[in-house]
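# Give me a model of this one.
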Amino acid sequence: MAVQAQYADEVERKMRALQQEFGALLLAAGGGNGGGYDCDLTCNNVGGGGGMESRKRGKEVVDVEQYVSSSAALRPIPGMRRRMVESTSGRSAAAVRDAFVSELRLQNAEIDARVRMECEQMRGALVHAASVAVARRLRDKEAELEAARRRAAELEEHLWQANAKTQAWCVLARKNEAVAADLRATVDHLLRARAAPAQAVEGFGESCPSLPLIAPAAVDDAQSCCFETNIAPTDDASSSPAASKWSCKSCVEREAAVVLLPCRHLCLCKACEAKLDACPVCLTAKNASIPININ
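The predicted structure is shown next:
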């Protein structure tokens, strides 16, 4: 409504300006003709023609009437200007309104399209950033998982090796226990064997049933031999069967004091054990040796 009123006021001002300009032109044209007519009439009066003056007067009256009639015809019809302004302003206002509405719709459509485009770009950027972050964290987690798997595999390998070592040590411990038991039995047997000849000598054959009993007279006769010779006393340990049995099988001079492994033969002295690489009894390769002290 404000646009229509403004447009109507503008049209009315233009119409008023056109009317004023046209009226000024008509007034200027009328003033010039009147002067001309007066001039013609003056000239005619100077000439002395009375009939001519009356005809001029009648012609002037006719011209004035025609001017008045033409002026009346050029004047706007009452109410016509208002109707024309209203119709023109209505059509112009409707056109302006339609143009404004169409422009507003176009601007709204452009704004909506731009907003949608910006939203899509922001959504795409957010999705890309989120996907990049998720992919990075996924790679990190996969790397951590792979490291954990490798660590678990290493721990399983260490555990398997530890179990294998434990089993090996258990087997070795059982073997060593068996070797120690055998060595203990061997040492006990040696101790008992060394103690048996001494007891037989102390009892003069009384404690050994295998030796024949010697009569005291025979002993006296043996002691009263005329050709007495000083017989050097011999070592009971070296001359006894037990001493010859437990002597070194290499030099046969020293007592055996080293047990060879794995055959477990007590057959070498310490000096010969350092020289030989095999058991002299069973010819088994020597892996280790254990020195023992029978005394």
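
# show me where this structure has strands.
258-261, 265-268, 288-291 (DSSP state E).

# Indicate which one of those strands is closest to His189.
Closest approach to His189 among the strands of the chain is made by strand 265-268 (9.8 Å; CB to CB). C-beta: built from backbone N, CA, C; applies to glycine.

# Export the strands of the chain as CSV, with columns for mean pLDDT.
Compiled in CSV, the strands of the chain are given as follows (pLDDT from 0 to 100):
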stretch, mean pLDDT
strand 258-261, 85
strand 265-268, 85
strand 288-291, 84
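
# so which of the ones you listed comes closest to Cys251?
strand 265-268 (8.8 Å).

# Pull out the buried positions in the closest one.
Neighbour counts using 16 or more other CB atoms under 10 Å place 265-268 of strand 265-268 among the buried residues.

# before we move on, the earlier item: tabulate the strands of the chain (JSON lines), appending distance to Val171.
Output for the strands of the chain, formatted as JSON lines (distance: least, CB to CB, whole Å):
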{"stretch": "strand 258-261", "distance to Val171": "15"}
{"stretch": "strand 265-268", "distance to Val171": "23"}
{"stretch": "strand 288-291", "distance to Val171": "16"}
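
# Return the distance of Ala99 relative to Glu177.
113 Å (CB to CB, to the nearest Å).

# so what's Leu261 closest to, chain neighbours aside?
Leaving aside its sequence neighbours, Leu261 sits nearest to Ala288 (CB to CB, 6 or more residues apart in numbering; 4.4 Å).

# before we move on, back to that, closest one of the buried residues of strand 265-268 to Arg105?
His265 (117.1 Å).

# And the pLDDT at the closest residue in space to the closest one that isn't next to it in sequence?
What sits nearest to His265 in space, not counting adjacent residues and going by CB to CB, 6+ apart, is Val281, at 4.8 Å. Per-residue pLDDT puts Val281 at 87.

# next one: Phe227
At Phe227, pLDDT is 38.

# Count the residues that sit near the residue nearest to Leu261.
Neighbours of Ala288 under the rule other CB atoms under 10 Å: 9.

# follow-up on the earlier one: my guess is the residue nearest to His265 contacts Cys267, does it?
Yes - counting by CB atoms under 8 Å, Val281 does reach Cys267; the two are 5.1 Å apart.

# Overlap of the contact sets of the two?
The contact sets of Val281 and Cys267 overlap at Lys249 (CB atoms under 8 Å, 6 or more residues apart in numbering).

# Please report phi then psi for the residue nearest to Val179 when sequence neighbours are not counted.
Among residues not flanking Val179 along the chain, Arg264 sits closest, at 6.6 Å (CB to CB, 6+ apart). When read as degrees, to the nearest 10, the backbone of Arg264 gives phi 60, psi 40.

# what sits against Arg264?
Here Arg264 is in contact with 179, 182-183, 186 (CB under 8 Å, 6+ apart).

# Out of these, flag the one nearest to Leu159.
Val179 (29.9 Å).

# Just give the number of residues close to that closest one.
Using other CB under 10 Å: Val179 sits among 16 other residues.

# Could you pull out the buried residues of stretch 117-126?
Result for stretch 117-126 [16+ other CB under 10 Å]: no buried residues.

# mind checking how far Cys133 is from Arg123?
For residue 133 the amino acid is Ala, not Cys. In terms of CB to CB, Ala133 sits 16 Å off from Arg123.

# Could you do Val115 as well?
12 Å.

# just Asn293 next, same as before
Going from Asn293 to Arg123 by CB to CB gives 93 Å.

# Same check on Glu12?
To Arg123, Glu12 is 56 Å away according to CB to CB.

# again, but for Asp98
36 Å.

# could you point out where the protein is predicted with low confidence?
Scanning the chain with the threshold set as pLDDT under 70 gives 1-8, 10-11, 14, 19, 21-93, 196-245, 294-295.

# which residue ranges form the helices in it?
2-47, 50-74, 80-202, 216-223, 236-239, 241-245, 270-273 (DSSP state H).

# got a list of contacts for the last one?
Meaning helix 270-273. Residues contacting helix 270-273 (CB under 8 Å, 6+ apart): 248, 250-251, 254, 257-258, 260, 289, 291.

# please redo it, this time with the cut-off set to 7 Å
248, 250-251, 254, 257-258, 289, 291 (CB atoms under 7 Å, 6 or more residues apart in numbering).
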